[in-house]
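[1] The sequence and its predicted three-dimensional model are supplied below.
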Amino acid sequence: MLAVTLILAGAAHAQDDTWIRPLGTDCDENGGEPIVGSIGFTNARHALNTNIQTYSATAFADRTLFRSHRFRDSDKGGTVAFEQNITFGATTVPTYNSRAIDYAVNNDNCTPEYRVAMRPLDLSSTNLGVAFQSDHFGFFYSASVAFGGVAYPHNYLRGMMYGLGLPMYSAYALMAAPLVRSGYQTQTGASAFALDWIGGASYHNDHIGARVGYAGSAGLYAAVNEQNSGLYLSSVVRGQGSILGQLETGLDRLHLVDQLGLTSAFLRDIPYGASVVEEAGARDLLPTAGSLRTVHFEQDNLFDYFDVHVSQTLKPVSQLHLAQVGLHTPDYHASRAGGDEEQGEFRGLVRAGVARIPAQAAFGVEEGSLITLRAEGDVTVVGDGDAGFHINFGILYNDAEQLAMYPYAQNVLTYRYQMKGEF
Amino acid sequence: MNRVHLVVFAGLTGCSPIDPMPPDQPCREAGYAIANRTLTCSGNADLAQKRYDTFEKDYTCIEWKTTDPRFNHEFGPEDLFGCAYVLSNLPCELVDQYGNDIEAWLMTTDSCALVVELEGVDTSHLIPEDTGGGQ
């Protein structure tokens, strides 16, 4: 069926002026030239950095490998995880399409109507991580590849890029990450690519957990957590010339009363508009020492079935995002103590709401309302006691998590796919 | 049935990936640049919004269609973003000096008169004489 779909889509794409390829829209398929000085260009540069920071190897290890009951108990065991995030339309960028100028001469399918056009910025990230512990000591490794740029002019090509191309090239990049000793980051115009890895050692007992490591592109990484309350602090010290850095501290899934479920609260600070490697002669429009600081409060498994999430951006502007209320299958969120894994079990979550967006001319955002939606599904493919293998799929549309990351987003859509095994 | 699959396949990536430039986009970009530069230099989001609101209330945008016959190889719709480019690069000393005087911001460069109605600014040197074709 996939082959038939691709052949038909390819055939349709080869025709002029079809629903899949409207007249005049073949404008600079690699994204055109973003117009420097536009707010969309500035937003795009911020979004590219935020994507790289949020889905860095270090952040992924923190979020996915270590917030596992495997790093709380003194058993031997480990965790392996793979995740992809694809975000469409983090912002809109005015682009200059050079082919439109001479379309009459070259007979290109790019008309003057699109000589300057508004095009969305697409972002992607792929992460791979593994951690193993034996009694009190363990080791971990995590790698990330993040990429973003102005979208192709047709949804068909966009789908091909992120549905087929991304998984293939990301897999190769992740395998090669340790070979690029200091990681690799490049950014030009409104596109960026970053490859990073982190490796290190962990220690834990009944009271504390601690991890130290080396992040290829950033330098030293350190994290510590208290095992009973869930208090934690994690940080990456930015190396010179690196755009990567991170500070996160808070409370992870505190369980006090059964009916209240799990309480998490945390503050995250990542570089915002950090200095980046520029092409010779390119102008750096970005501040060099800014930060994107957000605070989050999450009450999960409330009366087993409900979630309440609130997030607020503190910097660069203060902005409260509407609280979202979610409904899910019982005990959707795993506690820090873990839980029984049952093969074939399906768990799902739906959150929806309306976010009121204040006018923010500094980001080119007009006042308005956005519909928000988040849907997740989790299937336990293999389950055996407290070990198991899960596949999790999520769709986020103007979700509070996205709006906190991309405060200039208007209609942002993210697909998330994660496979995680605990053994 | 296969067409349904194709629609879903394309729709999964969201909305249209290319739209024509709105006619007032270069003008609004000038206002956004004032707001963004104010936020960057002062850290005050309310002040940034206030300056944009003043810009929007006190000045009239000049609208341009990308198919305007005056565009050619030397002068195109991309050049209309010159005002925003200059304003978004103003040093913070000048941002502080201009403050709430939006006209002072807009008089920084003649290119602002291409997108905002400003009295007494000659833009003829910005638009080549031999306009009217080339496409």
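    Received it, and whenever you're ready, just let me know what you need. What you see is a predicted model, and the numbers here were worked out from it, not measured in a lab.

[2] pLDDT below threshold where in chain B?
    B:1-15, B:129-135 (pLDDT under 70).

[3] Run through the helices of it in chain order.
    Ranges of helices in chain B, per DSSP state H, are B:2-11, B:25-42, B:45-58, B:82-87, B:92-98, B:102-106.

[4] does any bit of the last one sit next to chain A?
    Spelled out, it's helix B:102-106. No - contact of helix B:102-106 with chain A is not found when judged by CB under 8 Å from any CB of the partner chain; the minimum separation is 12.4 Å. Any C-beta I mention is one placed from the backbone N, CA and C, and that applies to glycine too.

[5] Tell me which other helices or strands that helix touches.
    helix B:25-42, helix B:45-58, helix B:92-98 (3 or more CB pairs under 8 Å, 6 or more residues apart in numbering or on different chains; DSSP states H and E).

[6] Can you say which of the ones you listed is nearest to residue A:166?
    helix B:25-42 (30.5 Å; CB to CB).

[7] Any figure for the gap between residue A:421 and residue A:383?
    Per CB to CB, to the nearest Å, residue A:421 is found 11 Å from residue A:383.

[8] Check residue B:20 too.
    53 Å.

[9] middle-most residue in chain B, spatially?
    Centroid-nearest residue in chain B: residue B:26, 2.4 Å away (criterion: CA atoms, centre = their mean).

[10] That one against residue B:85, yeah?
    No - counting by CB atoms under 8 Å, residue B:26 stays clear of residue B:85, with 10.4 Å between them.

[11] Which part of chain B gets nearest to chain A, residue-wise?
    At 2.9 Å from chain A, residue B:85 is the closest residue in chain B, using CB to the nearest CB.

[12] what about the residue nearest to that residue when sequence neighbours are not counted, how many neighbours?
    In this structure, residue B:85 finds its nearest non-sequential neighbour in residue A:37, 2.9 Å apart by CB to CB, 6 or more residues apart in numbering or on different chains. Residue A:37 has 24 neighbouring residues, counting by other CB atoms under 10 Å in any protein chain shown.

[13] Now do the contacts for residue A:37.
    Counting by CB atoms under 8 Å, 6 or more residues apart in numbering or on different chains, residue A:37 touches A:285, B:29, B:33, B:81, B:82, B:84, B:85, B:86, B:87, B:88, B:89.

[14] Kindly present these as a markdown table, with separate columns for distance to residue A:58 and neighbour count.
    Output for the contacts of residue A:37, formatted as a markdown table (distance: CB to CB, whole Å; neighbours: other CB atoms under 10 Å in any protein chain shown):
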| residue | distance to residue A:58 | neighbour count |
| --- | --- | --- |
| A:285 | 27 | 17 |
| B:29 | 36 | 27 |
| B:33 | 35 | 30 |
| B:81 | 37 | 27 |
| B:82 | 41 | 20 |
| B:84 | 36 | 31 |
| B:85 | 36 | 21 |
| B:86 | 39 | 18 |
| B:87 | 37 | 27 |
| B:88 | 32 | 24 |
| B:89 | 33 | 15 |
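
[15] Which of those residues sits closest to residue A:405?
    Nearest to residue A:405 among these, counting by CB to CB, is residue A:285 at 19.9 Å.

[16] on that earlier part again, intersection of neighbour lists for residue A:421 and residue A:383?
    residue A:389.

[17] The nearest residue to residue A:367 once chain neighbours are set aside: neighbour count?
    Counting by CB to CB, 6+ apart, residue A:367 lies nearest to residue A:359, which is 4.0 Å off, once chain neighbours are set aside. Number of residues near residue A:359 (other CB under 10 Å) recorded here: 15.

[18] repeat for residue B:24
    13.

[19] isn't it right up against residue B:61?
    Yes - Residue B:24 is within contact range of residue B:61, at 4.6 Å (criterion: CB under 8 Å).

[20] can you list residues touching both of these two?
    Counting by CB under 8 Å, 6+ apart, nothing touches both residue B:24 and residue B:61.

[21] Quick check, residue A:271 in contact with residue A:52.
    No - shown here, residue A:271 and residue A:52 do not form a contact pair, counting by CB under 8 Å, at 9.4 Å.

[22] More neighbours: which of these two?
    residue A:52 (31 against 24).

[23] any idea how far residue A:252 is from residue B:71?
    Distance from residue A:252 to residue B:71, by CB to CB: 57 Å.

[24] which one of these two has more residues nearby?
    Per other CB under 10 Å, whichever of residue A:252 and residue B:71 has more neighbours is residue B:71, with 26 against 19.

[25] Which residues are in contact with the residue nearest to that one when sequence neighbours are not counted?
    The spatial neighbour of residue B:71 that comes closest, neighbours along the chain excluded (CB to CB, 6+ apart), is residue B:77 at 6.2 Å. Applying CB under 8 Å, 6+ apart to residue B:77 gives the contacts A:115, A:116, B:21, B:26, B:64, B:66, B:68, B:71.

[26] repeat for residue A:307
    Per CB under 8 Å, 6+ apart, neighbours of residue A:307: A:298, A:299, A:300, A:301, A:324, A:325, A:326, A:328, A:332, A:333, A:349, A:351.

[27] and if you look at residue A:84?
    A:124, A:125, A:126, A:127, A:166, A:167, A:170, A:415, A:416, A:417, A:418.

[28] These, buried ones only, as a PyMOL selection?
    This is the PyMOL syntax for the buried subset of the contacts of residue A:84, where burial follows 16 or more other CB atoms under 10 Å in any protein chain shown:
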select buried, chain A and resi 124+125+126+127+166+170+415+416+418
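
[29] what about the helices in chain A?
    Under DSSP H, chain A gives helices at A:2-14, A:39-54, A:57-60, A:103-106, A:155-160, A:166-176, A:400-405.

[30] how about the CA coordinates for the fifth one, as PDB?
    Taking Å, rounded to 0.1, in the frame of the first residue of the first chain, the C-alpha atoms of helix A:155-160 are listed here in PDB:
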ATOM      1  CA  ASN A 155       3.200  19.000   1.500                       C
ATOM      2  CA  TYR A 156       4.000  15.900  -0.500                       C
ATOM      3  CA  LEU A 157       7.700  16.700  -0.400                       C
ATOM      4  CA  ARG A 158       7.500  17.700   3.300                       C
ATOM      5  CA  GLY A 159       5.900  14.300   4.100                       C
ATOM      6  CA  MET A 160       8.600  12.500   2.100                       C
END
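
[31] what's it packed up against?
    On a contact count with 3+ CB pairs under 8 Å, 6+ apart, helix A:155-160 meets helix A:2-14, helix B:2-11.

[32] can you do 10 Å?
    helix A:2-14, strand A:77-96, helix B:2-11 (3 or more CB pairs under 10 Å, 6 or more residues apart in numbering or on different chains; DSSP states H and E).

[33] Pick out the shakiest of those, pLDDT-wise.
    Between the helices and strands packed on helix A:155-160, the one with the least mean pLDDT is helix B:2-11; it has a mean of 48.

[34] I'd like the distance between residue A:152 and chain B.
    The span separating residue A:152 from chain B equals 6 Å under the rule CB to the nearest CB, to the nearest Å.
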